[in-house]
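J.: A predicted structure for the sequence below; I have some questions about it.
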Amino acid sequence: MIDRIAYLNQLMELIDKPFIKILTGIRRSGKSSVLLLLKEKLKKNKITENQIIHINFESFSFSELLSAKSLYNYVSDKIQKEKKTYLLLDEIQEVEQWEKVVNSLMLDYDTDIYITGSNSHLLSSELATYLTGRYIEIPIYTLSFAEYLQFNSAYSPDNKQSIKKAFTTYLRMGGFPVLYTANYSEETAYKIVYDIYSSVILRDTVQRHKIRDIELLERVIKFAFNNIGKTFSGKNVADYFKSQQRKIDINTVYNYLYALEGAFILYRTPRYDLKGKEILKTQEKYYLSDIGLFYATMGYKDEMISGILENIVFLELKRRGYTVFVGKQADKEIDFVAEKQGNKIYIQVAYKLENERTVKREFSSLLAVKDQYPKYVVTMDDFWKESVQGVKHVYITDFLLDQSY
């Protein structure tokens, strides 16, 4: 397995700290692998095998542990009473009343607990009830471009690629780790991603939220996917369906979008009014948890390239720990206002700056912001790399590979 250093570093800093560590993310993003990597790190730190209890609740071998009582009894029997026990509980949401078990195991024994889950709403609502102030969430995303290069080097050492060609592959395939552990054709890769998508829709959306009209849900998904990088509201979606002679209640739209957020299919990004310094409640943007989901379900559309690039930059900002907003200033929009630990950066994303009109459009929004925080225009232009009045023009792979941004 390839070390996913960023996540391991976060976990290593939290070992033996009195918090439950929660790894969240879409299915097949690599949560289980990160747990296995953590297990190996623990053993290298002189933690013995019998001090580690590792359970994957999607494995049939643990199917008898899906009730609170059976899980508590099983773990209690295995816990080393005289030493700290490390609990690695994978896909915990499969267990009924799991939050009560985790709470009890934390209180009753000397434990260090790590759990993973594939439904953010389920985890956050239950944890807020039982474990307030006693847990830390670590989002696990699909592979970044830097991680893709690492995987490609390890699993396909003969596949030497320039950075530009490698990015083209990443741009077309997305970042699900499984795609880069073998030499899959594009067609097979999309089938794998579609199967992941179908599993997420069924298990983490339809079943969890008891959605009956699956065909309508799929239509809402298609609308959201086709509007990557564009602001819209529930009313926009309802109006679109009305134009298609299909009626849908606005509350139903929001319920579906909420369910898709919970399953990590979509990430909602609110707008932030730079002048009024407030978060706006309408016309948000939605981004996919991995661009491979778009290709696997919608096919390749050249006209979507700007939105896809925007999606890639959004995910990179999230990986780096930024809180991300869509910026609004008067009649201008800034793709991303990203904040972290009191610092801020502004980013516009475009495919190419093909003419003066495009240059003016992309730079003017940033030039209108008069503070001293860094401002970038990120594109796929090969040659034009100048700055305009302090606003830097950055090639997208440079941005993705340079952690200083």
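T.: Great, that's in hand.
J.: any idea how far L23 is from the closest residue to F19 other than its chain neighbours?
T.: Setting aside the residues directly before and after it, F19 is nearest to I136 in space (CB to CB, 6 or more residues apart in numbering), at 4.8 Å. C-beta here means a position set from N, CA and C on the backbone, and glycine is covered the same way. Distance check for I136 against L23: by CB to CB, to the nearest Å, it reads 10 Å.
J.: comparing the two, which residue is more hemmed in?
T.: Neighbour count, other CB atoms under 10 Å: between I136 and L23, L23 has more, with 25 against 12.
J.: pLDDT score for the more buried one?
T.: With respect to pLDDT, L23 scores 94.
J.: wait, doesn't it sit right on V34?
T.: Yes: here L23 lies in contact with V34, judged by CB atoms under 8 Å, at a distance of 6.1 Å.
J.: near Q403, how many other residues are there?
T.: Q403 is flanked by 10 other residues according to other CB under 10 Å.
J.: on the three-state scheme, it is what?
T.: coil (DSSP: H, G, I helix; E, B strand; the rest coil).
J.: which residue packs closest to it, ignoring adjacent ones?
T.: Distances taken as CB to CB, 6+ apart put R320 closest to Q403, at 7.1 Å, once the chain neighbours are dropped.
J.: pLDDT score assigned to that neighbour?
T.: R320 carries a pLDDT value of 97.
J.: distance-wise, check it relative to Q150.
T.: 17 Å.
J.: what does L23 give?
T.: Distance of L23 to Q150, computed by CB to CB: 19 Å.
J.: can you check S387 too?
T.: Distance of S387 to Q150, given as CB to CB: 31 Å.
J.: among those two, which residue is more densely surrounded?
T.: With neighbours defined as other CB under 10 Å, S387 and Q150 compare such that Q150 has more, 17 against 13.
J.: what touches both of L23 and V34?
T.: Taking CB atoms under 8 Å, 6 or more residues apart in numbering as the contact rule, L23 and V34 both touch Y7, T116, I140.
J.: need phi/psi at the residue lying closest to the first one once chain neighbours are set aside.
T.: When you say that, I think you mean Y7. What sits nearest to Y7 in space, not counting adjacent residues and going by CB to CB, 6+ apart, is V34, at 5.0 Å. Here is the backbone geometry of V34 (degrees, to the nearest 10): phi -60, psi -40.
J.: a strand runs through V377, doesn't it?
T.: Yes: the assignment for V377 by three-state DSSP puts it in a strand.
J.: isn't it up against E362?
T.: Yes: with contact defined as CB under 8 Å, V377 reaches E362; the gap is 5.1 Å.
J.: mutual contacts of these two, please.
T.: Shared contacts of V377 and E362 (CB under 8 Å, 6+ apart): Q348, A350, L353.
J.: flag every buried residue along stretch 196-207.
T.: Residues I196, Y197, V200, I201, R203, D204, T205, V206 are the ones in stretch 196-207 that count as buried (16 or more other CB atoms under 10 Å).
J.: tell me the secondary structure at T188.
T.: Look at T188: counting by three-state DSSP, its state is helix.
J.: residues near it, how many?
T.: T188 has 12 neighbours, counted by other CB under 10 Å.
J.: who are the packing partners of the top strand by length along the chain?
T.: Longest strand of the chain, by residue count under DSSP state E: strand 278-288. Secondary-structure packing of strand 278-288 (3 or more CB pairs under 8 Å, 6 or more residues apart in numbering; DSSP states H and E): strand 266-273, helix 305-319, strand 323-329.
J.: who touches the first one?
T.: Outside strand 266-273, the residues within contact range by CB under 8 Å, 6+ apart are 224, 231, 257, 260-261, 278-289, 314, 318, 324-329, 337.
J.: quick one, which of those are buried?
T.: 224, 231, 257, 260-261, 283-289, 314, 318, 324-329, 337.
J.: next SSE downstream of the strand or helix carrying L217?
T.: Applying DSSP states H and E as the criterion places L217 in helix 214-226. Past helix 214-226, further along toward the C-terminus, the next helix or strand under DSSP H and E is helix 234-243.
J.: buried sites along that next one?
T.: Within helix 234-243, the residues that count as buried by 16+ other CB under 10 Å are G234, N236, V237, A238, Y240, F241.
J.: wait, the last one sits on R219?
T.: Okay, so that is F241. Yes: using CB under 8 Å, F241 makes contact with R219 at a distance of 7.1 Å.
J.: tell me which residues in stretch 356-367 are buried?
T.: Across stretch 356-367, burial judged by 16+ other CB under 10 Å covers V359, E362, F363, S365, L366.
J.: shaky segments in the stretch 51-200 of the chain?
T.: Scanning the stretch 51-200 of the chain for pLDDT under 70 picks out the ranges 121-130, 132.
J.: now with 90?
T.: 80-82, 93, 96-100, 103, 117-135, 152-161, 182-183 (pLDDT under 90).
J.: show me where it has helices.
T.: Using DSSP state H, counting those that start in this stretch, the helices of the stretch 51-200 of the chain run over residues 68-78, 98-108, 120-130, 145-155, 163-173, 186-200.
J.: show me what the helix or strand just after the last one is packed up against.
T.: In other words, helix 186-200. Once helix 186-200 ends, the next helix or strand along the chain (criterion: DSSP H and E) is helix 207-209. Where contact means 3+ CB pairs under 8 Å, 6+ apart, helix 207-209 is packed against helix 250-262.
J.: list the buried ones in the helix it packs on?
T.: Buried residues in helix 250-262, counted by 16+ other CB under 10 Å: T252, V253, Y254, N255, Y256, L257, A259, L260, E261, G262.
J.: could those be laid out in JSON lines, adding pLDDT and distance to Y405?
T.: Shown next, in JSON lines, are the buried residues of helix 250-262 (pLDDT from 0 to 100; distance: CB to CB, whole Å):
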{"residue": "T252", "pLDDT": "94", "distance to Y405": "40"}
{"residue": "V253", "pLDDT": "94", "distance to Y405": "35"}
{"residue": "Y254", "pLDDT": "93", "distance to Y405": "34"}
{"residue": "N255", "pLDDT": "94", "distance to Y405": "37"}
{"residue": "Y256", "pLDDT": "95", "distance to Y405": "34"}
{"residue": "L257", "pLDDT": "95", "distance to Y405": "30"}
{"residue": "A259", "pLDDT": "93", "distance to Y405": "33"}
{"residue": "L260", "pLDDT": "95", "distance to Y405": "29"}
{"residue": "E261", "pLDDT": "93", "distance to Y405": "26"}
{"residue": "G262", "pLDDT": "91", "distance to Y405": "30"}
